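**Student:** I would like to see how this sequence folds:
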Amino acid sequence: VTNENGCSDSISKTASITDAPTASITVSDSQTCFGDTITFSASPKGAEEYVWTVNGEEMTTATDSLFVTEVNDYIVTVYPKGLVDGCKYETSDEVTAAIFEKPVVNLDATDVCFGNTLTFTATPENAATYIWTVNGNAYTDDSEPYNMIEFTAPGDYTVSVKVTNENGCSDSISKTASIT
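**Tutor:** Numbers count the residues shown, from 1 in each chain. Next up is the predicted model:
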């Protein structure tokens, strides 16, 4: 800068322009079974508030985490509002996750007298595979039906069955019955 008398002075300052920061979501588990929780965490931390969209429904909160526990498929988006470290976030991120229904199994058996057959019958809902144990040992029988096992020798039998569905979710139950 020069004034009308010919005097001049100058100053310089360096400034930089950075790209707008981007938002991101991390998910604790993209697929899990009912009874577990999925946690969605937004980055960056410290925004004034966060706008979360879950399956198209908007929720505004001051927290950078969102928790879901119900059986459902989830499409989650986050948009940090306000300034974080002096910068405005103008992007969002989207992730998908699912909580699957667990199978349910009941196990039925009644004590019988020697000479009769003791039958353990599993009644599952939403199950694809069975794993049986008898008195703590694995039990393998490839004959159908797969939902029952039978015994004719006298003794006490503690039988457990674990059923698993096509999503990898499982349920198990144990029961003791005797042939006397």
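
**Student:** how far does the strand or helix carrying Trp52 sit from the chain's center?
**Tutor:** Assigned by DSSP states H and E, Trp52 belongs to strand 49-54. On the basis of CA atoms, centre = their mean, to the nearest Å, strand 49-54 sits 20 Å off its chain's mean C-alpha point.

**Student:** give me the contacts around it.
**Tutor:** Applying CB atoms under 8 Å, 6 or more residues apart in numbering, the external contacts of strand 49-54 come out as 40, 42, 58-64, 66, 68, 74-82. Using the backbone N, CA and C atoms, a C-beta is placed for each residue, glycine as well.

**Student:** redo that, cut-off 10 Å
**Tutor:** Applying CB atoms under 10 Å, 6 or more residues apart in numbering, the contact partners of strand 49-54 are 23, 25, 40, 42, 58-66, 68, 72, 74-82, 89, 92, 94.

**Student:** return the subset of these lying in strands.
**Tutor:** Applying DSSP state E to those, the entries found in strands are 25, 40, 42, 58-61, 65-66, 68, 72, 74-81, 94.

**Student:** surely Ile179 is in contact with Phe120?
**Tutor:** No. The criterion here is CB atoms under 10 Å, and Ile179 misses it with Phe120 at 11.8 Å.

**Student:** tell me the residues that contact both of those two, please.
**Tutor:** Shared contacts of Ile179 and Phe120 (CB under 10 Å, 6+ apart): 151, 157.

**Student:** quick one: which of these two has more around it?
**Tutor:** A count of neighbours by other CB atoms under 10 Å puts Phe120 above the other of Ile179 and Phe120, at 23 against 18.

**Student:** confidence score at the more buried one?
**Tutor:** If you check Phe120, the pLDDT there is 96.

**Student:** roughly how far does it sit from Trp132?
**Tutor:** 8 Å (CB to CB, to the nearest Å).

**Student:** what is in contact with these two at once?
**Tutor:** 107, 139, 147-149, 159-161.

**Student:** restricted to strands, list the residues you listed.
**Tutor:** 107, 139, 148-149, 159-161.
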